[in-house]
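Novice: sequence unknown, structure follows:
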C-alpha cells in the first residue's frame, strides 16, 4: 500500500484524533475511509456525467426498430410452448 504524507494543522490533527477515538478507529483508518468515500463520490459523479452525455444519442436514428416491437419480440421468446407460465 502506498503511503501519502499529510500535512495537517494542529487543529486538524486534534480533530482527526478526536473523531478517530469516537469512531473506535485509528486516524489512519479514518483517512483511508474518507479517501474511499471521495473516490466513490467522484466515480458516481463521473458515471452520472457520462450517462447525461449519452442521453438522447439515438434519438435521431431511423434504422432502429420501435421499442414496442422489441418488447413484443421478447415476450414471444419468453412464452412457454404449452401456455403454462410456470413451465420451463
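Specialist: Right, received. Where do you want to start? Note that the structure is predicted; figures quoted are calculated from it, not measured. Numbering: from 1, shown residues only.
Novice: from here on, contacts and neighbour counts on C-alpha atoms
Specialist: Fine.
Novice: tell me how far stretch 60-72 lies from the chain's centre.
Specialist: 28 Å (Cα atoms, centre = their mean, to the nearest Å).
Novice: first vs last residue of that stretch, how far apart are they?
Specialist: 23 Å (Cα to Cα, to the nearest Å).
Novice: give me the buried stretch members for that stretch, please.
Specialist: Across stretch 60-72, burial judged by 16 or more other Cα atoms under 10 Å covers no residue at all.
Novice: longest helix in the chain, by number of residues?
Specialist: helix 27-54 (DSSP state H).
Novice: which elements pack onto that helix?
Specialist: Helix 27-54 sits against helix 10-23, with contacts defined as 3 or more Cα pairs under 8 Å, 6 or more residues apart in numbering; DSSP states H and E.
Novice: host element of residue 61?
Specialist: Per DSSP states H and E: residue 61 is located in neither a helix nor a strand.
Novice: residue 47 versus that one, what's the distance?
Specialist: 24 Å.
Novice: try residue 12
Specialist: For residue 12, the distance to residue 47 - Cα to Cα - is 32 Å.
Novice: likewise for residue 70?
Specialist: Taking Cα to Cα, one finds residue 70 at 27 Å from residue 47.
Novice: now residue 41
Specialist: 10 Å.
Novice: now this structure, which segments are flagged as low pLDDT?
Specialist: Across the chain, the ranges flagged by pLDDT under 70 are 1-3, 79-88.
Novice: and the residue nearest the centre of the chain?
Specialist: residue 44 (4.9 Å; Cα atoms, centre = their mean).
Novice: and stretch 8-26, how far out from the chain middle?
Specialist: 29 Å.
Novice: ok and the longest helix of the chain relative to helix 10-23, angle-wise?
Specialist: For helix 27-54 against helix 10-23, the angle by axes from the mean of the first three to the mean of the last three Cα atoms, to 10 degrees is 90 degrees.
Novice: and the helix or strand following helix 27-54, what does it pack against?
Specialist: Downstream of helix 27-54, the first helix or strand assigned by DSSP H and E is helix 67-78. Helices and strands touching helix 67-78, by 3+ Cα pairs under 8 Å, 6+ apart: there are none.
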